[in-house]
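Participant: Need a 3D model of the sequence below.
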Amino acid sequence: MEIIDKKIDGGKAFDWGKTSSDYAKYRDIYPQEFYDKIISRNLCIDEQAVLDLGTGTGVIPRNMYQYGAKWIGIDISENQIEQAKLLSQGMDIEYYAKSAENIDFQDNSFDVITACQCFWYFEHEKIMPTLHKLLKEDGRILVLYMAWLPYEDKIAGESEKLVLKYSPNWSGAGETMHPIFIPECYNEKFELVYHDEYKLNVHFTRDSWNGRMKACRGVGASLTESEIASWEKEHMELLENIAPEEFDILHYAAIAELKKR
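Facilitator: Numbers count the residues shown, from 1 in each chain. A predicted model of the protein is given here:
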């Protein structure tokens, strides 16, 4: 499903469904430390009912399934949901192709609602009251994020410059470490009870880093097939010149926990 938002990439259209196969292969990259932060908050564990918004290929439900929560994942892209179902075979996880703005689950259904790498895409004035109704008493919204640090990591910085060559208005560039922004409308029905931001290294090969970058919004989700092929050729040549066969990329991760009032 093609999305156009003037606040994202200067209004350039993107479609995560175009890059679902690369997304499934290359974007399941969160280190154990990322999941340990969630577990340390006693969330997404022990038969808690959890709804994962913008689930993509089901990365969060699949990796946290072992901790005992009952997961449902939704995503606006049917292709992403198809990949999530394939990758979750043998796990009791439900997936539905629907947007966060069109949730129709019963009130008081969930202990936790998660949103990883997707919170800024939502119409918050519309979904905030719905999320409040869906959560049980004392329920939580957990917003999660991880990004490379282009000004502190040379390989990440050079790769990002190449994305900008092909997608000059890509708004995913130039990340620095900061707390997750929570829109003001949430103050009406939620309280921010915890947040944390921390640096971490993520290990890649040249191939897997190329795949990770290709599966970003500025490349695989928005460029034409010929543009993607041209970008990938340049990127692999770049990596051969500046990166060893295996390397770490410096990232930061962030977590924000909102409690239902």
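
Participant: What does the pLDDT read for residue 18?
Facilitator: For residue 18, the pLDDT comes out at 89.

Participant: One more: residue 1?
Facilitator: 69.

Participant: Would you confirm that residue 118 contacts residue 53?
Facilitator: Yes - using Cβ atoms under 8 Å, residue 118 is in contact with residue 53, at 6.4 Å. C-beta: built from backbone N, CA, C; applies to glycine.

Participant: So the two - more neighbours on which side?
Facilitator: residue 53 (25 against 20; other Cβ atoms under 10 Å).

Participant: I'd assumed residue 24 was in a helix, is it?
Facilitator: Yes - according to DSSP: H, G, I helix; E, B strand; the rest coil, residue 24 belongs to a helix.

Participant: Please tell me how far it sits from residue 217.
Facilitator: Distance, residue 24 to residue 217, using Cβ to Cβ, to the nearest Å: 16 Å.

Participant: where do the helices sit along the protein?
Facilitator: Assigned by DSSP state H, the chain shows helices spanning 20-26, 32-40, 59-64, 78-87, 124-134, 154-166, 206-214, 225-242.

Participant: wait, what's in contact with the nearest residue to residue 127 once chain neighbours are set aside?
Facilitator: Leaving aside its chain neighbours, residue 127 sits nearest to residue 100 (5.2 Å; criterion: Cβ to Cβ, 6 or more residues apart in numbering). By Cβ atoms under 8 Å, 6 or more residues apart in numbering, the contact list for residue 100 reads 53-54, 74, 76, 115, 121-123, 127.

Participant: 7 Å - rerun?
Facilitator: Contact partners of residue 100, counting by Cβ atoms under 7 Å, 6 or more residues apart in numbering, are 53-54, 74, 122, 127.

Participant: same check, this time on residue 49
Facilitator: Contacts of residue 49 (Cβ under 7 Å, 6+ apart): 70, 109-111.

Participant: before we move on, what about residue 181?
Facilitator: No contacts exist for residue 181 under Cβ under 7 Å, 6+ apart.

Participant: distance of it from residue 55?
Facilitator: Taking Cβ to Cβ, one finds residue 181 at 21 Å from residue 55.
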